[in-house]
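Trainee: structure, please.
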Amino acid sequence: MALTLCLPLSALATPHHAAHHVVRHAKAKKASRTAATARPVLAVISGSIDAHSLLMPDQPYPLREWDGSLATLRATAQARTAPWLAAMIDNTTLYAACRDGVVQTLPAPSPSPASHMAATSPCGIQAGEESIVLAWDRGRLGDTAPDWSDFWDIARHPGKRALRLDPRGTLEIALMADGVAPRDVYSVLSSPSGVERAFRKLDQLKPYLVWWRTAEEASRIMNSGAALMLSTPFDRLADLGPKVSFAAQWRQSLRQKLSWAIPRNVPSDQTDAIIKMLRDQTPLHDDTQDAPQDGRDLGSLAMSDSFWAINFDALQKRFQTWLTATP
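Mentor: Residues are numbered from 1 along each chain as shown. Okay, here's the model as predicted:
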């Protein structure tokens, strides 16, 4: 929902411009009423509305999806009028946004029975989790779910693969495809040899890779058939066309924590109310309603906020170097 900024009309209009002045004045009055009655918006992760993965009882604000990127959040926080009261964001991006002052530092919550819901960042309020799954095209590959080792097996399953253009999640997937158990991923990735192991694994797949930056791009890859398999936020499967036959493999999926953050340009008189609503009603994201519920151990990997808070900058540089290196 866009907010309209009304500029004052000149008090002096010549007869030649009188009719034009009346039209402009009428439009300005209408725009003023629109701005005055505009409802604040909560920005939620892309795909979550279609996927019905938001648990928000009695939620009083309209929802708008966004791409989850730090660049978009930064641009929003720099706007003269805040278009969002709060944004749902993954915790590793929240760390950078909090560090750079893009979002507000929040007052500590009062001790309460729900205090375990507090996020670890001083700029965030817990907002649930999202899943990054392996999705495959059943129309070309069949109904048997592949795993990450199959993702790398170009000989048996020829075709393009798609991964997120980001070391976060991508390096973890590479190590699991190389046989590292989810519980051991971060201990391996914490050593220089483990980082090299992950990039050597990516080397094997590099000629066959296409990349997505945002969840919307992951959807476009599936809708166009540009890849046989890909990593994707699970919610994006709800946004596919009727003829698209991608399905999700939940085994060794990645679980990424989410938080609510309040952009720095939200006025203080609105900040207190939105913090209270978010903490009292705890609107959460949960995309596991379609995950297998038969008690099997899916071997999911909880992405480590603390690991990426420490290592993201260095591994991002290493990732960019790898991307641009010639074979």
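Trainee: let me know how buried P158 is, in neighbour terms.
Mentor: Other residues lying near P158 total 10 when counted by other CB atoms under 10 Å. Placement of C-beta: from N, CA and C, glycine included.
Trainee: and it, its phi and psi?
Mentor: Listed backbone geometry of P158 is phi -60, psi 140, with angles given as degrees, to the nearest 10.
Trainee: just K243 next, same as before
Mentor: According to degrees, to the nearest 10, K243 has phi -100, psi 0.
Trainee: and the gap between it and Q249?
Mentor: For K243, the distance to Q249 equals 21 Å [CB to CB, to the nearest Å].
Trainee: doesn't T92 belong to a helix?
Mentor: Yes: in this structure, T92 lies within a helix as judged by DSSP: H, G, I helix; E, B strand; the rest coil.
Trainee: got a list of what it touches?
Mentor: 168, 256, 303, 305, 308-309, 312 (CB atoms under 8 Å, 6 or more residues apart in numbering).
Trainee: neighbour count for K243 and Q249, which is higher?
Mentor: Legend: neighbour count by other CB under 10 Å for K243 and Q249, higher for Q249 (19 against 8).
Trainee: quick check: that one touching D143?
Mentor: No: judged on CB atoms under 8 Å, Q249 makes no contact with D143 at a distance of 11.4 Å.
Trainee: without its sequence neighbours, what residue ends up closest to P263?
Mentor: A77 (4.0 Å; CB to CB, 6 or more residues apart in numbering).
Trainee: is the nearest residue to L228 once chain neighbours are set aside in a helix, a strand, or coil?
Mentor: Nearest in space to L228, with sequence neighbours left out and distances taken as CB to CB, 6+ apart, is G159 at 3.3 Å. Of the three states, G159 takes coil under three-state DSSP.
Trainee: just the one 3 residues further on next, same as before
Mentor: When the structure is reduced to helix, strand and coil (three-state DSSP), A162 reads as strand.
Trainee: tell me what it is bridged to.
Mentor: Beta-bridge partners for A162, by DSSP bridges, are V210, L230.
Trainee: going forward, begin numbering at 45 instead of 1
Mentor: That works, and once the first residue is 45, the last one we named lands at A206.
Trainee: these two touch, right, it and I265?
Mentor: Yes: contact between A206 and I265 holds when scored by CB under 8 Å: they sit 5.0 Å apart.
Trainee: which neighbours do the two share?
Mentor: Contacts common to A206 and I265, judged by CB under 8 Å, 6+ apart, are 254, 256, 271, 274.
Trainee: can you put those in JSON lines and add pLDDT?
Mentor: Formatted as JSON lines, the shared contacts of A206 and I265 follow (pLDDT from 0 to 100):
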{"residue": "V254", "pLDDT": "98"}
{"residue": "W256", "pLDDT": "97"}
{"residue": "A271", "pLDDT": "98"}
{"residue": "L274", "pLDDT": "98"}
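Trainee: follow-up on the earlier one: wait, the residue nearest to L272 sits on G269?
Mentor: No: judged on CB under 8 Å, G203 makes no contact with G269 at a distance of 9.5 Å.
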